[in-house]
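Asks: Sequence first, predicted model second:
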Amino acid sequence: MMSKNARVLAYTSLAHFANDGVFLIYPLLIVYYSVEEKISLVFLGSLAIIYTVLSGILSPFIGDFADKSDKDPELLAGGIGLEALAIVFFSLAFLDRTLAAPLITVGVVLLGSGQAFYHPLGGAMLSRTFGRGAGRALGLNGAMGSVGRSVMPSVISLLLLYLGDVLGLTTFFAYMAVVSVLIYFGVKDLRRGGQQQVRKTTEKLERGFYKFLLILGALVFLRSMFITGTATFLGEFEYQVYLSKTLAGIFLTVGFAGSIVGQPVFGWLTERLGGRTSFALSSVMSVLFFALFLLSVRNLYLSATAYTLFTFAAYTGFPVLLGYVSQVFPKSFFTVANSYIWGVGNTIGGAAGTALVTALLGLHFTILEAFYLLFALALVSTVLTPLIPKRV
C-alpha cells in the first residue's frame, strides 16, 4: 500500500498529465477548424482569449474556496471532468458547420473553467505534503504535466487521422472521463488534517505579502503573454511554414518535450537556489533560446531543437513559481496565493498575449511579426526581474 506522500504525488501527477494534456488541444484544433470548417482565425483566436481569461478569473475563487473548505479531492477531479466535457462539444462542432461556432464556444467555456482548478490545487497539495522537499516533488509532478503537454498533440493528431474528427475526439473524451474518476477515488480520503492548514475567514496577511504578489505577478503576467501568445499560434505557424497539419502536431510534441526534463531540474534548483534565482535563470534562458528559434524558423531541425530548449527553460512555472510561493507564504494561504500567481499572472497574462496576437492578425500582421513583438515583452520582464523583493 502506498504511503500518503507517494499517493499524493502519484494522483496529482496523473491529474497534471491529464490537465496539461489538453493545454494544446485547442491551439491544435484551431488548425482543423480553420482549414476544414473554414472558421475565421480571428474568431478562433478570440475564443482562445476567452478560455484563458475565464480560467484566470475563476482560479482565485477556487483557490480561496479550497483553502476554507478542505475539498481538494472533489475540486481536483471536478476540474478534469469539466475538461472532458469540453471535448464532447469540440467533437460535435465537426458534425454541423452551421452550429460549429456556438459548439466550439461552449467547449471553450468548459475548457477554461476546467483549467482553473489543477495548478493552484495540485501545487498546494504537494507543498503541504512534502514541506521542504516540495521543490523536487513539484518538479517530478510538473514533468508529468509536461509529458502530457508534449505527447497529447501527436496522440490527438493520430486519433483524428485514423478515427476521424468526431470519433477521435470522442475517444479522447472517454479517456479524460476515466481519469477524472480515478483521481477522485485515489485521493478522496486525503484531507488537510489540521486546522492550521484550513484558513479561518478572519485570517489576513501582512502588507509585505501583497507587495510580493503584485511585483512577481506583474512579471509573470508579461512573461506569460510571451509564452502563451506564441504557443497558441505555434501550430498554425508551423502549418503555414510546412503546409502539413500532421507535422504541426509532431512539432508541438517534439518542441514541448524539453519541459519534461526542465521541470524536475528547475524544481531541484528552486530548492537549492531559492525561487527568486530560479525564476531569473529560467527567464534569461527562455529569451536566449527563443531568439534562436526566431532566427531558424525555416530550418526544421534547428528550429525544433531551439524550441525544445526554450520549453526546457520556459515551461518551469509549476515548480519555480509555486515552489517559490511555498517558500514565502503560510500553509493556510498556499492555494489562494498560487491561484493569484498562476491564475491571474500566468493564465490571464497568457490570455493577454493571445489577444495581442489575435489583434495583430486582424490588422494583417503575420504570425512571425507578432512573435517578435511578444519576444520584446519577454525581454522587458527579464530585465525587471531584480525588482522582486529578496525578503517578505
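Replies: All right, it came through fine.
Asks: How many residues are close by P386?
Replies: 9 (other CB atoms under 10 Å). (Glycine included, C-beta is placed from N, CA and C.)
Asks: Distance of F43 relative to V108?
Replies: Per CB to CB, to the nearest Å, F43 is found 11 Å from V108.
Asks: Could you check which of those two has the larger neighbour count?
Replies: V108 (23 against 14).
Asks: Tabulate the CA atom coordinates of the strand or helix carrying that one in PDB.
Replies: Per DSSP states H and E: V108 is located in helix 100-115. Extracted C-alpha coordinates of helix 100-115, given in PDB (Å, rounded to 0.1, in the frame of the first residue of the first chain):
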ATOM      1  CA  ALA A 100     -19.800  24.800 -35.200                       C
ATOM      2  CA  ALA A 101     -19.200  28.300 -33.800                       C
ATOM      3  CA  PRO A 102     -21.600  28.100 -30.800                       C
ATOM      4  CA  LEU A 103     -20.500  24.500 -30.100                       C
ATOM      5  CA  ILE A 104     -16.800  25.500 -30.100                       C
ATOM      6  CA  THR A 105     -17.700  28.400 -27.800                       C
ATOM      7  CA  VAL A 106     -19.400  26.200 -25.300                       C
ATOM      8  CA  GLY A 107     -16.400  23.800 -25.400                       C
ATOM      9  CA  VAL A 108     -14.000  26.800 -24.800                       C
ATOM     10  CA  VAL A 109     -16.000  27.900 -21.800                       C
ATOM     11  CA  LEU A 110     -15.900  24.400 -20.300                       C
ATOM     12  CA  LEU A 111     -12.200  24.000 -21.100                       C
ATOM     13  CA  GLY A 112     -11.400  27.400 -19.500                       C
ATOM     14  CA  SER A 113     -13.400  26.600 -16.400                       C
ATOM     15  CA  GLY A 114     -11.700  23.200 -16.000                       C
ATOM     16  CA  GLN A 115      -8.200  24.700 -16.500                       C
END
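Asks: and that helix, what other elements does it pack with?
Replies: In this structure, helix 100-115 packs against helix 25-36, helix 41-69, helix 72-92, with contacts taken as 3 or more CB pairs under 8 Å, 6 or more residues apart in numbering; DSSP states H and E.
Asks: Out of those, the one nearest G145 is which?
Replies: G145 lies closest, by CB to CB, to one member of those: helix 72-92, at 12.4 Å.
Asks: Helix or strand with the lowest mean pLDDT in this structure?
Replies: Here the helix or strand of the chain ranked lowest by mean pLDDT, DSSP states H and E is helix 245-255, holding a mean of 75.
Asks: And for that one, what's in contact with it?
Replies: 24, 27-28, 31-32, 35, 150-151, 153-154, 156-157, 161, 234-236, 238-239, 242, 304, 307-308, 310-311 (CB atoms under 8 Å, 6 or more residues apart in numbering).
Asks: what pLDDT does F371 get?
Replies: You'll see F371 listed with a pLDDT of 92.
Asks: thinking it is in contact with L295, fair?
Replies: No: checked against CB atoms under 8 Å, the pair F371 and L295 is beyond contact range at 11.6 Å.
Asks: Tell me where the model's unsure across the stretch 101-250 of the chain.
Replies: 191-205 (pLDDT under 70).
Asks: Select only the buried ones of the contacts of helix 245-255 in PyMOL?
Replies: Listed next is the PyMOL selection for buried residues among those, using 16 or more other CB atoms under 10 Å:
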select buried, resi 24+27+28+31+32+150+151+153+154+156+157+234+235+236+238+239+304+307+308+310+311
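Asks: Quick check: end-to-end length of stretch 105-123?
Replies: In stretch 105-123, first residue to last residue: 29 Å (CA to CA, to the nearest Å).
Asks: cool, and stretch 93-100?
Replies: First residue to last in stretch 93-100 (CA to CA) measures 4 Å.
Asks: Could you list the buried residues of that stretch?
Replies: Quick answer for stretch 93-100 (16+ other CB under 10 Å): 93-94, 100.
Asks: what does stretch 315-335 give?
Replies: Result for stretch 315-335 [16+ other CB under 10 Å]: buried residues 315-329, 331-335.
Asks: burial count for L269?
Replies: 21.
Asks: which ones are touching it?
Replies: By CB under 8 Å, 6+ apart, the neighbours of L269 are 135, 277-278, 281, 320.
Asks: Equivalent analysis for A100, please.
Replies: Counted by CB under 8 Å, 6+ apart, A100 has contacts 33, 37, 39, 93-94.
Asks: circling back: let's see the least confident helix or strand of the chain as CSV, backbone CA atoms only.
Replies: What follows is helix 245-255, C-alpha atoms only, in CSV (Å, rounded to 0.1, in the frame of the first residue of the first chain):
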residue,chain,number,x,y,z
LYS,A,245,-1.3,19.5,-40.2
THR,A,246,0.3,16.3,-39.0
LEU,A,247,3.8,17.8,-39.0
ALA,A,248,2.4,20.7,-37.0
GLY,A,249,1.2,18.3,-34.3
ILE,A,250,4.6,16.5,-34.3
PHE,A,251,6.4,19.8,-34.0
LEU,A,252,4.4,20.6,-30.9
THR,A,253,5.2,17.2,-29.4
VAL,A,254,8.9,17.5,-30.1
GLY,A,255,9.1,21.1,-29.0
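Asks: Please report how far V265 lies from F43.
Replies: For V265, the distance to F43 - CB to CB - is 39 Å.
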